[in-house]
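A.B. asks: Take a look and give me a structure for this.
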Amino acid sequence: MKHREGHLIHRAGWLRAAVLGANDGIVSTASLVLGVAASGASSATILVAGIAGLVAGAMSMAAGEYVSVSSQADTERADLAREQRELEETPQQELAELSSIYEKRGLDKTLAMQVATQLTAHDALGAHARDELGISESLTARPAQAAFASALSFTVGAALPILVALLVPGPRMMLAVSLSSLFFLGLLGAMSARAGGAPMLLAARRVTFWGALAMTITAGVGSLFGVPV
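C.D. replies: Take a look at the predicted model:
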């Protein structure tokens, strides 16, 4: 019977972008709503600010993820092209380098050379990409995927405090947005940890703490500098 292991590292790329987007959507939009509300602005002004923050934040997250991950992809392609040239120009040196890597990981000299020789014959560039450069299929940069996941998750996250502000207007709005956003953050942390196989409670506590800090500071600034209208 074939043994199948449930490793989750293949989720790292999209999971990081999705969690970052949702977390930023909740924290930034809830903080924006609270900051504007604390300034004494009207309900209509608060909602407009929240929606504007949602749209601007989603576009910013998508653009930022695409640019940063594209830069990573460019670096990976440049390294692979350089490695391909070295394999063509100095194959014996590259073989010795690969063998040395395996020796450092615990293989004896003879076995390390045998492994390096066989992997080079099978896929020389793939072996060097994985074991020398640390580039693997599961961790390869995917700009479009990261941008889409980040923008979508930001939109979903940002919509939550806006919806609460819409459903609970008036003097209770700030409390409702604060408590619900902390709940959403805790749930997000737990769900992302579960998807990645990490401890759920630790992740929930971490995102809740930083979210509460951000909202508190922003509300304080709004209260300090706001002018009731």
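
A.B. asks: what about residue 129, how many neighbours?
C.D. replies: A count of nearby residues for residue 129, using other C-beta atoms under 10 Å, gives 20. Using the backbone N, CA and C atoms, a C-beta is placed for each residue, glycine as well.

A.B. asks: Residue numbering should commence at 36 henceforth.
C.D. replies: Fine by me, first position is 36 from now on; the one you just mentioned is residue 164.

A.B. asks: In which helix or strand does it reside?
C.D. replies: helix 144-166 (DSSP states H and E).

A.B. asks: other SSEs contacting that helix?
C.D. replies: With contacts defined as 3 or more C-beta pairs under 8 Å, 6 or more residues apart in numbering; DSSP states H and E, helix 144-166 has these neighbours: helix 78-124, helix 126-139.

A.B. asks: can you list the residues that contact that helix?
C.D. replies: In this structure, residues lying in contact with helix 144-166 by C-beta atoms under 8 Å, 6 or more residues apart in numbering are 114-115, 118-119, 122, 126, 129-130, 133-138, 142, 170-171.

A.B. asks: Off-centre distance for it?
C.D. replies: Centroid separation between helix 144-166 and its chain, computed with C-alpha atoms, centre = their mean, to the nearest Å, is 32 Å.

A.B. asks: can you state the direction angle for the helix or strand that comes right after that helix and helix 78-124?
C.D. replies: Sequence order places helix 178-202 as the next helix or strand after helix 144-166, per DSSP H and E. Here helix 178-202 points in a direction 170 degrees away from that of helix 78-124 (axes from the mean of the first three to the mean of the last three C-alpha atoms, to 10 degrees).
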